[in-house]
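> have a look at this prediction, sequence included:
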Amino acid sequence: MRMSSFRHPVGPERPSVYWRRRAIALGAVIVVVVVVVLIVVGRGNGATPVAAQSTAPAARTSDRATAASSSSSARPSRSPSPSASAAADGATCTKDQIDLEPVVDKTSYGPTEDPKIAMSITNTGSNSCHMDLGSSQQVLTISSGEEQYWTSKDCQTNGTNQDVTIKAGQKLTTPSIAWDRTRSSTATCDSSRPSVTGGGASYHLQVAVGNIESAKSVQFILQ
């Protein structure tokens with residue numbers, strides 16, 4: 001095509017029609033070129049930046065977790081030594097640091113009321129200690145004057161042993177049991193027992209754990 005024909009279109013239609021057609025064609029070419037350039041530039045930059053940023057911290061976290069796991073597995077774990085456990089529990093309790101006290105729920109009981117009896121154990125020392133507080137070691141004794149009327153050891157079965165650590169200054173109280181106001185004897189474990197006297201009679205409760213006894217007894221009245 002000669003330059004003159006480009007500048008001065010030749011044809012049956014008016015020159016303005018040819019110029020519009022050329023403008024539309026040129027615009028389409030420019031759009032195609034712009035799209036191609038954007039695609040090429042996008043591919044040159046790689047994957048979307050958001051995806052790249054979201055996966056990078058995960059990779060760093062995984063690396064740190066792997067390093068921490070390797071470090072912890074490389075170091076051998078230490079378990080408490082027997083001497084450390086023994087020191088934490090303390091030594092065996094002695095008479096000098098244990099205070100036993102008999103416990104009753106009331107000081108006077110009506111004709112149909114059964115006394116509920118127990119004992120408290122207090123560590124009066126400055127260090128923790130441990131002792132057997134199982135039922136096989138506990139003894140509760142009820143007497144009146146010089147006569148013993150009842151003891152928890154007479155017909156006890158399946159006594160238990162329980163080693164308990166008592167902290168310095170700590171006070172423990174055993175669960176209470178009901179005394180049925182009868183006289184105990186190893187000969188009457190499977191038979192009826194005689195009832196003790198009421199009507200204002202005075203009785204005393206004394207307690208012991210192993211070879212440690214309460215320094216005092218506690219008095220109560222049976223009506």
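Sure thing, it's come through.
> contacts, neighbours, all on C-alpha from now
Fine.
> next, Asn161: secondary structure please.
Here Asn161 is coil, with the state taken from DSSP: H, G, I helix; E, B strand; the rest coil.
> now it: closest residue in space, sequence neighbours ignored.
Leaving aside its sequence neighbours, Asn161 sits nearest to Gly134 (Cα to Cα, 6 or more residues apart in numbering; 4.0 Å).
> burial count for the one you found?
16 (other Cα atoms under 10 Å).
> tell me the contacts of it?
Shown in contact with Gly134 (Cα atoms under 8 Å, 6 or more residues apart in numbering): Gly159, Thr160, Asn161, Gln162, Asp163.
> ok, 6 Å please
Going by Cα atoms under 6 Å, 6 or more residues apart in numbering, Gly134 touches Thr160, Asn161, Gln162.
> and which of the residues you listed is nearest Gln148?
Thr160 (24.5 Å; Cα to Cα).
> quick check, pLDDT for that closest one.
At Thr160, the model reports a pLDDT of 94.
> what does Lys153 give?
The predicted local confidence for Lys153 is 95.
> and Val196, how close does it get to Ala91?
Val196 sits 42 Å away from Ala91, going by Cα to Cα, to the nearest Å.
> same check, this time on Val104
30 Å.
> between the two, which has more neighbouring residues?
Val104 (18 against 14).
> how close does the more buried one get to Thr174?
Taking Cα to Cα, one finds Val104 at 11 Å from Thr174.
> swap in Ala118?
Ala118 is 6 Å from Thr174, by Cα to Cα.
> would you agree Ala25 falls within a helix?
Yes - checked against three-state DSSP, Ala25 lies within a helix.
> tell me how this structure divides into domains.
As given by automatic domain parsing, the domain ranges for the chain are 3-74, 88-222.
> mean pLDDT lowest where, among those?
Ranked by mean pLDDT, the domains of the chain bottom out at domain 3-74, with a mean of 51.
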